[in-house]
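[1] could you look at this predicted model? Sequence included:
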Amino acid sequence: KTVIDLSKLPLHEKVKKVIAEYPLLSIWQIKKLLKDKRFGTVKLNIIKLYRLLKQLDLETKIKRYRYYRSV
(Lines give C-alpha, C1' and ligand atoms only; values in the text may rest on other atoms or scores of the structure.)
Protein backbone atom coordinates (compact mmCIF):
# COMPACT_ATOMS: atom_id res chain seq x y z
CA LYS A 1 0.00 0.00 0.00
CA THR A 2 1.41 3.37 -0.98
CA VAL A 3 1.53 6.25 1.47
CA ILE A 4 -0.22 9.41 0.27
CA ASP A 5 0.87 12.82 1.50
CA LEU A 6 -2.49 14.30 2.49
CA SER A 7 -1.14 17.83 2.65
CA LYS A 8 -0.54 17.80 -1.14
CA LEU A 9 -4.11 16.82 -2.06
CA PRO A 10 -6.70 19.35 -3.27
CA LEU A 11 -9.15 20.60 -0.65
CA HIS A 12 -12.12 18.54 -1.81
CA GLU A 13 -10.02 15.36 -1.63
CA LYS A 14 -8.89 16.25 1.90
CA VAL A 15 -12.51 16.68 2.95
CA LYS A 16 -13.43 13.33 1.42
CA LYS A 17 -10.54 11.65 3.27
CA VAL A 18 -11.69 13.16 6.57
CA ILE A 19 -15.24 11.95 5.99
CA ALA A 20 -14.03 8.51 4.91
CA GLU A 21 -12.17 8.18 8.23
CA TYR A 22 -14.64 9.95 10.54
CA PRO A 23 -18.18 9.94 9.06
CA LEU A 24 -20.05 11.24 12.09
CA LEU A 25 -18.13 14.48 12.61
CA SER A 26 -19.96 17.78 12.55
CA ILE A 27 -18.89 20.59 10.23
CA TRP A 28 -17.06 22.30 13.11
CA GLN A 29 -15.18 19.09 13.91
CA ILE A 30 -14.24 18.64 10.23
CA LYS A 31 -12.95 22.22 10.19
CA LYS A 32 -10.91 21.56 13.33
CA LEU A 33 -9.47 18.32 11.93
CA LEU A 34 -8.40 20.05 8.69
CA LYS A 35 -6.24 22.38 10.80
CA ASP A 36 -4.13 19.35 11.77
CA LYS A 37 -0.57 19.14 10.44
CA ARG A 38 -1.44 15.87 8.70
CA PHE A 39 -3.78 17.74 6.31
CA GLY A 40 -1.43 20.67 5.77
CA THR A 41 -2.98 23.03 8.38
CA VAL A 42 -5.88 24.13 6.19
CA LYS A 43 -7.54 27.28 7.50
CA LEU A 44 -11.06 27.37 6.15
CA ASN A 45 -14.07 29.56 6.80
CA ILE A 46 -17.06 27.55 8.11
CA ILE A 47 -19.32 28.94 5.37
CA LYS A 48 -16.84 27.95 2.63
CA LEU A 49 -16.59 24.48 4.15
CA TYR A 50 -20.39 24.17 4.15
CA ARG A 51 -20.52 25.28 0.49
CA LEU A 52 -17.83 22.73 -0.40
CA LEU A 53 -19.76 19.99 1.41
CA LYS A 54 -22.90 21.04 -0.45
CA GLN A 55 -21.04 20.83 -3.80
CA LEU A 56 -19.84 17.35 -2.86
CA ASP A 57 -23.42 16.48 -1.74
CA LEU A 58 -22.14 15.75 1.79
CA GLU A 59 -23.73 18.58 3.76
CA THR A 60 -25.65 16.38 6.23
CA LYS A 61 -24.39 13.72 8.62
CA ILE A 62 -26.65 11.16 6.94
CA LYS A 63 -25.11 11.85 3.53
CA ARG A 64 -21.61 11.75 5.01
CA TYR A 65 -22.38 8.40 6.63
CA ARG A 66 -23.70 7.03 3.31
CA TYR A 67 -20.49 8.17 1.62
CA TYR A 68 -18.47 6.45 4.36
CA ARG A 69 -20.37 3.22 3.79
CA SER A 70 -19.82 3.37 0.02
CA VAL A 71 -16.04 3.88 0.26
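    Yep, it's here.
[2] going forward, measure contacts and count neighbours with C-alpha atoms only.
    OK.
[3] and residue 70, how many neighbours?
    By the criterion of other C-alpha atoms under 10 Å, residue 70 has 8 neighbours.
[4] how about residue 69?
    If you count neighbours by other C-alpha under 10 Å, residue 69 ends up with 10.
[5] pLDDT value on it, please?
    What the model reports for residue 69 is a pLDDT of 96.
[6] before we move on, what SS does it have?
    helix (DSSP: H, G, I helix; E, B strand; the rest coil).
[7] report the central residue of the chain.
    Centroid-nearest residue in the chain: residue 15, 2.1 Å away (criterion: C-alpha atoms, centre = their mean).
[8] in stretch 40-59, what's buried?
    42, 49, 50, 52, 53, 58, 59 (16 or more other C-alpha atoms under 10 Å).
[9] and the fifth one, what pLDDT?
    pLDDT recorded at residue 53 is 97.
[10] identify the residue nearest it in space, chain neighbours excluded?
    Using C-alpha to C-alpha, 6 or more residues apart in numbering and skipping the chain neighbours, the partner closest in space to residue 53 is residue 59 (4.8 Å).
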